[in-house]
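J.: What shape does this take:
(one chain, ligands or ions: 1)
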Amino acid sequence: MTAVRPDIAPKQAPEATRFPTGFVWGAATAAYQVEGAAAEDGRTPSIWDTFSRTPGKVRNGDTGDIAADHYHLYRDDVALMKRLGLKAYRFSISWSRVQPTGRGPAVERGLDFYRKLVDELLEAGITPVATLYHWDLPQELEDAGGWPQRVTTDRFADYAAIMAGALGDRVGTWTTFNEPWCSAFLGYGSGVHAPGRTEPASALRAAHHLNLAHGRAIEVLRGQLPAAAQTSVTLNLHQVRPLTASAADADAARRIDAVGNRIFTGPMLRGEYPEDLIADTRHLVDWSTLVHDGDLAAISGPIDVLGVNYYTPTLVSTPEKGAGSTRDDGHGASDYSPWPGSEHVAFHLSEGKQRTAMNWAIDPDGLYNLLMDASRDHPEVPLMVTENGAAFDDYVSPEGRVEDPERIAYLHGHLDAVQRAVADGADVRGYFLWSLMDNFEWAYGYSKRFGTVYVDYASQRRIPKASAHWYADVIRRHALPPTGPS
Ligand code: IFM
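T.: Coordinates of the predicted model:
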């Protein structure tokens with residue numbers, strides 16, 4: 001995605017404009033963040049189980065052992081989704097629950113959980129949207145080298161075949177990876193995510209193998225799923241902005257766009273790695289041996305939908321030598337850039353914007369620009385907003401309510417941005433709020449609440465926040481309320 005967009009000036013959509021017919025309203029979660037039942041029915045540890053047990057890696061020593069106990073409470077959760085009027089539920093599958101060692105035959109008890117979840121959703125009239133991988137690699141595969149090793153793509157293709165066989169008759173929309181950038185660069189670059197390795201070259205190798213695993217899984221899914229099934233990948237495309245108009249800051253934005261966005265969109269949607277990325281990272285990997293003949297063709301097989309996740313823009317500069325970075329990406333401070341090929345780039349907090357509890361600037365125009373950029377750069381593929389939302393310091397009032405006007409304002413602003421992008425020609429097919437309910441926010445543990453439904457972790461009681469009722473109203477109207485957040 002390009003950094004500066006003088007050609008696209010955001011404008012206000014007329015109030016109460018309805019969303020397109022068929023626009024999908026959903027909410028999303030991920031297996032490790034909500035399921036719990038970490039050692040039940042044959043599940044074995046994933047890299048997140050190991051990482052969260054490593055002292056100092058996750059705030060308060062929190063783990064996903066119990067999380068929101070969705071594994072046991074999924075029926076109640078689906079009933080709640082139905083009451084809120086959700087039309088779709090985006091969930092991910094825990095690989096080590098269905099194929100504990102990441103190899104060999106599947107465990108029926110693990111598959112049964114997802115069969116039952118999907119049946120419950122279908123019964124409630126809610127479309128299931130399954131993601132194969134949301135960051136939780138089986139630990140045994142990490143022990144064998146993890147994503148930096150090419151053989152992991154073989155394992156992923158086998159796993160995709162297992163899941164297509166188990167759920168292909170009832171799940172119509174499949175996503176290979178959620179935010180492979182995080183798996184590669186937070187997992188193997190900065191190490192603030194599992195498996196916690198700090199090896200820039202491994203991060204790049206992981207990125208290529210995640211791309212290849214995506215392509216191979218798409219081929220497997222296509223071969224096994226009914227023709228009407230939709231395949232996709234979800235990327236957290238960075239909406240990169242240079243701090244100033246200087247050439248040095250423009251170069252910082254270009255580098256971050258390369259290693260944050262085009263490293264995935266290039267091979268997946270154009271069948272090539274960007275030349276500037278290869279040049280910027282040549283000191284770390286030999287791309288000519290990393291990328292084998294046939295890889296790019298495999299990676300660029302057609303997909304039906306591109307999922308995009310957006311929370312906040314990325315403001316970058318090339319600081320003078322010796323000047324410090326004010327970086328805070330919400331995923332933990334780091335003394336060096338986790339972005340190979342852009343080691344000297346500094347990250348900044350935008351001034352003058354309201355912030356969420358993650359300290360992320362609230363900037364709906366970033367979503368508008370992201371959607372417009374993506375539809376300009378890849379007009380052949382429809383878009384789906386697969387995650388958008390915000391963490392705030394929610395609490396239960398003495399009356400038992402959770403008022404979250406900031407989240408309502410956030411959602412209103414971002415849905416307005418979606419609507420403006422649609423009005424200006426972007427083919428956006430739906431919106432998934434992150435998250436259905438409060439959950440394990442990775443290195444932040446349970447300290448950050450992204451849910452539109454509050455979870456009291458002591459009792460596992462669910463309390464729909466005011467934003468859940470507001471979102472239900474938006475879904476009912478198929479439009480934003482005319483007067484804005486109440
Ligand atoms: O909670 C995460 C999710 O797992 C992936 N996208 C960003 C969310 C908020 O940080």
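
J.: buried ones in the longest helix seen in the chain?
T.: Longest helix in the chain by number of residues, with DSSP state H as the criterion: helix 200-224. Using 16 or more other Cβ atoms under 10 Å as the test for burial, helix 200-224 gives 200-218, 220-222. C-beta here means a position set from N, CA and C on the backbone, and glycine is covered the same way.

J.: what does stretch 348-363 give?
T.: By neighbour count on 16+ other Cβ under 10 Å, the buried set for stretch 348-363 is H348, S350, R355, T356, A357, M358, W360, A361, I362, D363.

J.: try stretch 124-142
T.: 124, 126-142.

J.: got it, and stretch 289-306?
T.: In stretch 289-306, counting by 16+ other Cβ under 10 Å, buried: L290, V291, D295, L296, A298, I299, S300, G301, I303, D304, V305, L306.

J.: For this protein, what lies in contact range of the ligand?
T.: Within the chain, the positions near the ligand by Cβ under 6 Å from any ligand atom are A30, Q33, E179, N309, E387, W434, E441, F450.

J.: among those, which are in strands?
T.: N309, E387, W434 (DSSP state E).

J.: give the contact list for the last one.
T.: It refers to W434. By Cβ atoms under 8 Å, 6 or more residues apart in numbering, the residues touching W434 are A27, A28, N309, E387, N388, G389, F450.

J.: and if we set it to 10 Å?
T.: By Cβ atoms under 10 Å, 6 or more residues apart in numbering, the residues touching W434 are 27-30, 33, 90, 309-311, 385-391, 450-452.

J.: Let's test this: what are the backbone torsions at P242?
T.: Main-chain torsions, P242, degrees, to the nearest 10: phi -80, psi 150.

J.: The lowest-mean-pLDDT helix or strand in the chain packs against which elements?
T.: Scoring the helices and strands of the chain by mean pLDDT, DSSP states H and E places strand 346-348 at the bottom, with a mean of 88. Under the contact definition 3 or more Cβ pairs under 10 Å, 6 or more residues apart in numbering; DSSP states H and E, strand 346-348 sits against helix 247-257, strand 314-317.

J.: Run me through the strand neighbours of the shortest one, direction for each.
T.: Meaning strand 314-317. The strands beside strand 314-317 in its sheet (DSSP bridges) come out as strand 240-242 (parallel), strand 346-348 (antiparallel).

J.: In the stretch 201-350 of the chain, which residue sits nearest the ligand?
T.: Residue nearest to the ligand within the stretch 201-350 of the chain (Cβ to the nearest ligand atom): N309, separated by 5.4 Å.

J.: hang on, G64 packs against W48?
T.: Yes - in this structure, G64 is within contact of W48 by Cβ atoms under 10 Å, at 6.2 Å.

J.: Touching both of these two, which residues are there?
T.: Contacts common to G64 and W48, judged by Cβ under 10 Å, 6+ apart, are A31, Y32, Q33, A38, V58, S94, D136, F440, W442.

J.: Which ones among those lie within helices?
T.: Per DSSP H, these map to helices at A31, Y32, Q33.

J.: what about the nearest residue to G425 once chain neighbours are set aside, neighbour count?
T.: Sequence neighbours aside, S375 is the residue nearest to G425 in space, at 6.8 Å (criterion: Cβ to Cβ, 6 or more residues apart in numbering). S375 has 21 neighbours, counted by other Cβ atoms under 10 Å.

J.: Just confirm S375 is within a helix.
T.: Yes - counting by DSSP: H, G, I helix; E, B strand; the rest coil, one finds S375 located in a helix.

J.: how near is it to the ligand?
T.: Here S375 is placed at a distance of 21 Å from the ligand (Cβ to the nearest ligand atom, to the nearest Å).

J.: one step back: check the strands paired with strand 314-317 for me and report the most buried one.
T.: The highest average neighbour count among the strands paired with strand 314-317, using mean count of other Cβ atoms under 10 Å, belongs to strand 240-242 at a mean of 22.

J.: so for that strand, what's the average pLDDT?
T.: Averaged across strand 240-242, pLDDT comes to 96.

J.: ok, and what's touching that strand?
T.: If you take Cβ under 10 Å, 6+ apart as the criterion, strand 240-242 is touched by 1-5, 248-258, 260-261, 313-318, 348, 350, 363, 366, 369-370, 373.

J.: Which residues lie in contact with L284 in this structure?
T.: Per Cβ under 10 Å, 6+ apart, neighbours of L284: E199, P200, A201, S202, A203, L204, R205, P340, G341, E343.

J.: Reduced to three states, what does it come out as?
T.: On the basis of three-state DSSP, L284 is classed as coil.

J.: Against A213, how distant is the closest residue to it other than its chain neighbours?
T.: Nearest non-adjacent residue to L284, counting by Cβ to Cβ, 6+ apart: A201, 4.5 Å away. As for A201, its distance to A213 is 18 Å (criterion: Cβ to Cβ, to the nearest Å).

J.: Regarding P128, what is its secondary structure?
T.: Taking three-state DSSP, the label given to P128 is strand.

J.: Help me confirm that it comes into contact with K87.
T.: No - counting by Cβ under 10 Å, P128 stays clear of K87, with 11.1 Å between them.

J.: any common contacting residues for the two?
T.: G26.

J.: Make a markdown table out of the contacts of L284 and add pLDDT.
T.: Formatted as a markdown table, the contacts of L284 follow (pLDDT from 0 to 100):
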| residue | pLDDT |
| --- | --- |
| E199 | 95 |
| P200 | 95 |
| A201 | 97 |
| S202 | 98 |
| A203 | 97 |
| L204 | 98 |
| R205 | 98 |
| P340 | 91 |
| G341 | 90 |
| E343 | 85 |
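
J.: between those residues, which is nearest Y74?
T.: For these, the closest approach to Y74 (Cβ to Cβ) belongs to A203, at 34.4 Å.

J.: tell me the contacts of that closest one?
T.: Taking Cβ under 10 Å, 6+ apart, we find A203 in contact with 147-148, 181, 183-191, 197, 259, 281, 284-285, 338-340.

J.: if you set the cut-off to 6 Å instead, what comes out?
T.: A203 makes contact with A184, F185, Y188, G189, P340, according to Cβ atoms under 6 Å, 6 or more residues apart in numbering.

J.: Please apply the same query to G400.
T.: G400 neighbours (Cβ under 6 Å, 6+ apart): none.

J.: and the gap between it and the ligand?
T.: G400 is 26 Å from the ligand, by Cβ to the nearest ligand atom.

J.: circling back to that earlier point, and which of the shared contacts of G64 and W48 is nearest to S459?
T.: Distances from S459 to the shared contacts of G64 and W48, taken by Cβ to Cβ, are shortest for F440, at 17.1 Å.
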